[in-house]
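# please find the sequence and the predicted model below.
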Amino acid sequence: MEKLVIKGGTPLNGTVRIGGAKNACLPILAATILAEGSYKISNVPDLRDIRTMLALLGELGVSSERINGDISLNCSCDDEKIVAPYELVKTMRASVLALGPLLARKKKAKVSLPGGCAIGERPVDQHIKALRLMGAEINVNHGFIEAECERLHGAEITFDMVTVTGTENILMAAVLADGETVLHNAAQEPEVVDLARFLKKMGAKIEGEGTTVIRIKGVEKLNSS
């Protein structure tokens, strides 16, 4: 089809249900790793990436059930479930969003690189650089990011480029870190704002979401929202 020809003049009416945004849902789902307990997230689109994220969360100790457009989740206290396998991560780059919350809550993470071994392609290196500044020990072995820490600490972090998933990942890591974290050159997209609002409902202390500078004061514990 080369073109659409539309003739106006006819009044429109009716009701259209707008589905939730996938890019907002994915980091919010990943954030459920941060606190033990039950969650209910509404208006979640039934898309492959959402199903992949739910399968990944199942590997990490977060069970889920979909009822129409709502998803009920329950995060267990199983600190041994820290591996995000390549079979799932390879199908969805946003799976790297598990890295920050796993490190923040469980102190360890083993997350496959989305491209197998390509750190710099649509760079995950920004995530790694920021987490190292926060005190994480990180090695990349056989296509996996292997990370651990005693407890992440606050840091001044300037992203070399604007990265939405990088901003989201470090935002989730920082909410349980010791002290204040400041993100410079942060992404301003609506999905970052939605994630910050969700984290605030869990008890996080965040200022500046929607701007290029986000400040996060770490807390000892979050609660399921």
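Perfect, I can see it now.
# confidence-wise, which helix or strand of this protein is lowest on average?
Across the helices and strands of the chain, mean pLDDT, DSSP states H and E gives its lowest value to helix 86-89, namely a mean of 88.
# mind listing what's buried along stretch 37-56?
39, 41, 44, 49, 50, 52, 53, 54, 55, 56 (16 or more other Cβ atoms under 10 Å). (C-beta placed from N, C-alpha, C; glycine too.)
# sorry, slip of the keys, the one I care about is stretch 180-196.
Going by neighbour count (16+ other Cβ under 10 Å), the buried part of stretch 180-196 is 181, 182, 183, 185, 186, 187, 189, 191, 192, 194, 195, 196.
# quick check: phi and psi at the residue most central in space within the chain.
When Cα atoms, centre = their mean is applied to the chain, the residue found nearest the centroid is residue 27 (3.1 Å). Per-residue torsions, residue 27: phi -70, psi -30 (degrees, to the nearest 10).
# wait, isn't it in contact with residue 190?
No. With contact defined as Cβ atoms under 8 Å, residue 27 does not count as touching residue 190 (11.6 Å).
# residues contacting the residue nearest to the centre of the chain?
By Cβ atoms under 8 Å, 6 or more residues apart in numbering, the residues touching residue 27 are 94, 97, 165, 168, 172, 191, 194, 195.
# for residue 224, same thing?
Residue 224 neighbours (Cβ under 8 Å, 6+ apart): 32, 35, 36, 37, 38, 39, 75, 202.
# still on that earlier bit, make CSV out of the buried residues of stretch 37-56 and add secondary structure.
Listed next are the buried residues of stretch 37-56 as CSV, based on DSSP: H, G, I helix; E, B strand; the rest coil:
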residue, secondary structure
39, strand
41, strand
44, coil
49, helix
50, helix
52, helix
53, helix
54, helix
55, helix
56, helix
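# quick one: which of those is nearest residue 15?
Closest approach between those and residue 15, by Cβ to Cβ: residue 44, at 20.0 Å.
# what about that closest one, distance to residue 101?
18 Å (Cβ to Cβ, to the nearest Å).
# can you count the residues close to the closest residue to residue 42 other than its chain neighbours?
Distances taken as Cβ to Cβ, 6 or more residues apart in numbering place residue 70 nearest to residue 42, at 4.9 Å, with adjacent residues excluded. Counted with other Cβ atoms under 10 Å, residues neighbouring residue 70 total 12.
# low-confidence stretches in the protein?
For the chain, the stretches flagged by pLDDT under 70 are 1, 115-123, 225.
# one more time with 90
Along the chain, the model assigns pLDDT under 90 to residues 1-2, 6-10, 12, 16-19, 68-69, 76-80, 86-94, 113-124, 141-143, 225.
# the helices in it, which residues?
For the chain, applying DSSP state H gives helices covering 22-31, 48-59, 86-89, 99-106, 125-133, 164-174, 190-201.
# quick one: the first one to helix 99-106, angle?
When axes from the mean of the first three to the mean of the last three Cα atoms, to 10 degrees is applied, the directions of helix 22-31 and helix 99-106 differ by 20 degrees.
# I'm done for today, thanks for sticking with me.
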